[in-house]
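Engineer: need the 3D shape of this:
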Amino acid sequence: MTLRHLVGNERDTGVVEEICGYLTSIPPKSFFLFAGAGSGKTRTLVEVLRRLTGVEFHESGSKFANRIFARGQSIRVITYTRNAVAVINGRLGENDLTKVSTIHAFCWDLIAGFDDDIREALLDLNSKELQKVHQTAESRKRGYTDKDKRTIEELMVKAATLTSIPHFIYNPDRNTYGEGALQHAQVLDITAWLIDNRPTLRRSLIDRHPLILIDESQDTMKGMLDVLIKVAREEPLNLILGFIGDHRQRIYMDGHQDLPSYIPAEWARPKLEMNHRSQQRIVDLINCIWEAELNGRTQPATGVRQYARTEKSGGIVRIYVGGSNLASEEKICREVDCAKKMVSISKHEGWSNPNGGYQVLALEHKLAAQRGGFLDAFNALLLIDPDATRPQGNGENTGPASVRVILREAQDLAACVDSNGGIDEFAAIEILNRYGRLRDLSDGAPNLQSRLALLHQSVMEFATASFKPEATVRDILKPIVQHKLFNLDDRLVAAYLDMEPPPTAPVRSGDESIEDRRRRGWHDLFNTLWAEIRRYQTYLEGRSSLATHQVVKGSEFEHVMVVMDDQEAAGFLFSYDKLFGAKPLSPTDQANVAGNNETTVDRTLRLLYVTCSRARESLALVLWSSDPEKALENIKLGGWFTDTEIERIS
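Structural biologist: Residues are numbered from 1 along each chain as shown. Modelled structure (predicted):
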C-alpha cells in the first residue's frame, strides 16, 4: 500500500493516501510514521485528518467519518505543546470529529473526578517506589544510607497523607500546589496505571476515541505508550494507534530508548524522507551525524536518510574548536568573534546581531544561564523547585508557582518604571487593577483615602528599589510583602520572614532534606540581583536568543550557533568531549556498551542532531574541549566536515 519511488521535491507524495489506506482498511492497521526534522509531519497529519473527517472528499475516509459520527466518537490527536495544538486546530478548522490536546490534557480528561481511583493508583505507585528503595538498600554491602532513610520516611508520610485527601486537583497548563495537587508527571503515571488496572476506564477510552494519533511519540512517556499498545493488541478492531515521530530527536528520558524496535511488527511503517527546512549542506551534515560509527555508541543508526528540496542546494557549516580552560567571559568573546567570521563566510548579516540575528543553543540550562547572565537566579530557583525552574519544550513555562509574584506581577510593575526611576502611574494602576488589588476600593469603601495612600507609597517604594542597579530580590520584595501590594504565596512570605542562617550545602547533592534544600534556595534567591530575574524571565518565556535543545523542540531558525562546553554545563548525562574522542569512555560507559545499554555518547549524539537540524541557512558549531588538539584530530578523521569548515580557536 504505497505510491512511493518518487524523486525530487515530490519524494513524499502519496504518504497521506498511504496512511489513510491503513486506517480505513478492513481490518484497520496501526502505524508508526517516521517523520524527521523539517519533514512536514504537521501538514501530513492535518491532511490525513481532513480526509478521515470528511473535510476533504475521500471515499474511504468519508465512510470512516460517517461511522464515528453515528457512534458519537472522535479522533483523538495528542501533540506536545499548546502551540502545536493551536497550529493543528488552525489548519484543520472547525472539526467536531477531531479533538486535539496535549498528552497531559488528554490524561486529565480521562481521569478527572475519579478521586478514589486516583488515590489507589498513587498509593500503589508510592508502595512500589518504597519497595524499590528497600531492595536497592538491601542489595548494598553498606545497607541503608541516611538518604535512603529520609526517602523511606518521606514516602511513608506521603502514603499517610494520601489516605486523607478527599479530592485531587490539576491544571494541564500550569503547576498546581496545595492539598491534593497533582504534578504533570504524576498525571501520566496515574493514567497509565488506571488504563491498565481499570477495565471501565479502558472501555470508556475505546468508546470515545477509536483512533488515537500521538505526535512526538519518541518523547511520550513509555508507560503511556506501553499501556496503549497493550490495549490496541488486545482489541485491534476497536482501538487503532498512529505514532508520529523521530527517535533521532528523542531528548527526554521518559521515552523508549529505541522506539522503532519497540513498535509491534504488525504495524505499518510509512516514512517522510524530505527535509523542507534546511539547505543541502546542513541536511548532509545531520545525515552524517546520525550514520556515524562512534566509540561508545550502542543505539543503532536506523532511520530514514533525508533529502533537501532541490532549490535548497546551498548552506554554510563551520566548526570552531577551542580549549575549555578559558574563562567564561573569554569564551563568550570568542563566540562573538566566531559569529563575526560567519558574517563574511555566509554573507548573512544576521550573524552580526547577537540579540536575535542568530540563535545560540547550549547543552544545558546552566550553560545558557552562564551565557545569559542569570546563573545565580537559575541556581537559586533550581533549589526551590527543580521541576518548574527549567524551561520545557512543551511551552508551559511559568516558573515555580511559589515565586510567581516575582516572575509576573513584579515584572509587570517594573515595566512601568522609566529610565529616570520615575513611574507611569496610569500604567501602574492598570497593573494593580489587572491583579485584583483595586477590587475593594469603591467610593464607599472604609478608610479609602488611607488605603489608596498606602498603595501609592508601596508603588513608589517599589519603583525606587527596582531602579537601583544593585537592587536584590529582597529589596524589591520589601514593599510588596510589607504592604501586601500583591497576593503572595504563603511559602514565599514564610521564607522572606525567616531570618535564620541557611543550612550548609551538603558535600553530595543528595545528602540533604528537601526542606533544607529549599531554605538554601530561598536565601540565595533573596540575595540575587533583581536584574538577573529579568534576564531569567526572558529566557523562561523563550524570548531570549539563548536556548537549550529541550526548549527548541520543533523550532527552526535562519542561523544557529551550537555551543558545546561540558565543563560549564556541569552535567553528567552528556559529553561532547566523549563524542568527539577528546576524552575516554568512563567505566560506566564501558559497562553500558558491554550491556548494549544507552550511553553518554548516544544521548549526546541525539542532542547534536536536534540542535544542528534547527538551522535553515547556516550553522556554526563551537566546541570547548578539554583536549582541543585530540578533538580536532578526530573531527578531521570523522569526515563530517571539509578541511575548510574546521577552524582552531587560538
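Engineer: going by C-alpha atoms from here, please, whenever you check contacts or count neighbours.
Structural biologist: Fine.
Engineer: which stretches in this protein count as strands?
Structural biologist: With DSSP state E applied, the chain shows strands at 31-35, 75-79, 98-102, 211-214, 240-245, 271-272, 274-275, 307-308, 316-323, 359-362, 546-548, 557-565, 615-625, 646-648, listed in chain order.
Engineer: figure out which of those strands is closest to Ile476.
Structural biologist: Closest to Ile476 of these is strand 546-548 (CA to CA; 26.3 Å).
Engineer: residue boundaries of the helices in the stretch 501-650 of the chain?
Structural biologist: 514-526, 530-540, 566-569, 576-579, 587-594, 600-612, 628-638 (DSSP state H, counting those that start in this stretch).
Engineer: got the angle for the second one vs helix 514-526?
Structural biologist: For the pair helix 530-540 and helix 514-526, the angle between their directions (axes from the mean of the first three to the mean of the last three CA atoms, to 10 degrees) equals 110 degrees.
Engineer: helices or strands up against helix 530-540?
Structural biologist: Contact partners of helix 530-540 among helices and strands, from 3 or more CA pairs under 8 Å, 6 or more residues apart in numbering; DSSP states H and E: helix 375-384, helix 404-407.
Engineer: state the distance from the spatially closest residue to Phe168 that is not a sequence neighbour to Met460.
Structural biologist: Once flanking residues are discounted, Phe168 sits nearest to Gly180: 4.3 Å by CA to CA, 6 or more residues apart in numbering. Remark: distance between Gly180 and Met460 (CA to CA, to the nearest Å) = 39 Å.
Engineer: give me the number of residues near Arg309?
Structural biologist: Arg309 sits with 19 neighbouring residues when counted by other CA atoms under 10 Å.
Engineer: what separates it from His209, distance-wise?
Structural biologist: Arg309 is 37 Å from His209, by CA to CA.
Engineer: swap in Gly314?
Structural biologist: In this view, Gly314 and His209 are 45 Å apart by CA to CA.
Engineer: neighbour count for those two, which is higher?
Structural biologist: For Gly314 versus His209, neighbours defined as other CA under 10 Å are more numerous around His209 (22 against 14).
Engineer: that one against Arg71, yeah?
Structural biologist: No: with contact defined as CA atoms under 8 Å, His209 does not reach Arg71; the gap is 10.3 Å.
Engineer: show me the residues around the closest residue to Ile68 other than its chain neighbours that make contact.
Structural biologist: Spatially, and ignoring its direct neighbours in sequence, Ile68 is nearest to Ser74 (6.4 Å; CA to CA, 6+ apart). For Ser74, the contact set (CA atoms under 8 Å, 6 or more residues apart in numbering) comprises 68, 96-99, 208-211.
Engineer: what stretches of the chain score poorly on pLDDT?
Structural biologist: Residues of the chain meeting the criterion pLDDT under 70: 1-6, 173-175, 391-397, 440-447, 509-510, 544-554, 570-571.
Engineer: pull out the buried residues from the lengthiest helix in it.
Structural biologist: Ranked by number of residues, the top helix in the chain under DSSP state H is helix 115-139. Of the residues in helix 115-139, 115, 117-123, 125-126, 130, 133-134, 137 count as buried by neighbour count, 16 or more other CA atoms under 10 Å.
Engineer: next, format these as CSV and append distance to Arg518.
Structural biologist: Converted to CSV, these look like this (distance: CA to CA, whole Å):
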residue, distance to Arg518
Asp115, 30
Asp117, 32
Ile118, 28
Arg119, 27
Glu120, 29
Ala121, 28
Leu122, 24
Leu123, 26
Leu125, 25
Asn126, 23
Leu130, 23
Val133, 23
His134, 26
Ala137, 26
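Engineer: of the residues you listed, closest to His167?
Structural biologist: Set against His167, the nearest of the buried residues of helix 115-139 by CA to CA is Asp115 (5.7 Å).
Engineer: closest one to Arg408 among the strands of the chain?
Structural biologist: With CA to CA as the measure, strand 546-548 is the member of those nearest Arg408 (20.6 Å).
Engineer: rewinding a little: okay if I get the strands of the chain as CSV plus distance to Asp412?
Structural biologist: As requested, the strands of the chain are exported to CSV (distance: least, CA to CA, whole Å):
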stretch, distance to Asp412
strand 31-35, 41
strand 75-79, 31
strand 98-102, 29
strand 211-214, 37
strand 240-245, 39
strand 271-272, 45
strand 274-275, 41
strand 307-308, 44
strand 316-323, 40
strand 359-362, 26
strand 546-548, 22
strand 557-565, 29
strand 615-625, 33
strand 646-648, 45
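Engineer: in JSON lines: those strands, plus distance to Arg517 and mean neighbour count.
Structural biologist: Below are those laid out as JSON lines (distance: least, CA to CA, whole Å; neighbours: other CA atoms under 10 Å):
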{"stretch": "strand 31-35", "distance to Arg517": "42", "mean neighbour count": "23"}
{"stretch": "strand 75-79", "distance to Arg517": "34", "mean neighbour count": "23"}
{"stretch": "strand 98-102", "distance to Arg517": "32", "mean neighbour count": "20"}
{"stretch": "strand 211-214", "distance to Arg517": "37", "mean neighbour count": "22"}
{"stretch": "strand 240-245", "distance to Arg517": "38", "mean neighbour count": "24"}
{"stretch": "strand 271-272", "distance to Arg517": "47", "mean neighbour count": "22"}
{"stretch": "strand 274-275", "distance to Arg517": "46", "mean neighbour count": "24"}
{"stretch": "strand 307-308", "distance to Arg517": "49", "mean neighbour count": "23"}
{"stretch": "strand 316-323", "distance to Arg517": "34", "mean neighbour count": "21"}
{"stretch": "strand 359-362", "distance to Arg517": "26", "mean neighbour count": "25"}
{"stretch": "strand 546-548", "distance to Arg517": "25", "mean neighbour count": "25"}
{"stretch": "strand 557-565", "distance to Arg517": "27", "mean neighbour count": "23"}
{"stretch": "strand 615-625", "distance to Arg517": "32", "mean neighbour count": "25"}
{"stretch": "strand 646-648", "distance to Arg517": "42", "mean neighbour count": "16"}
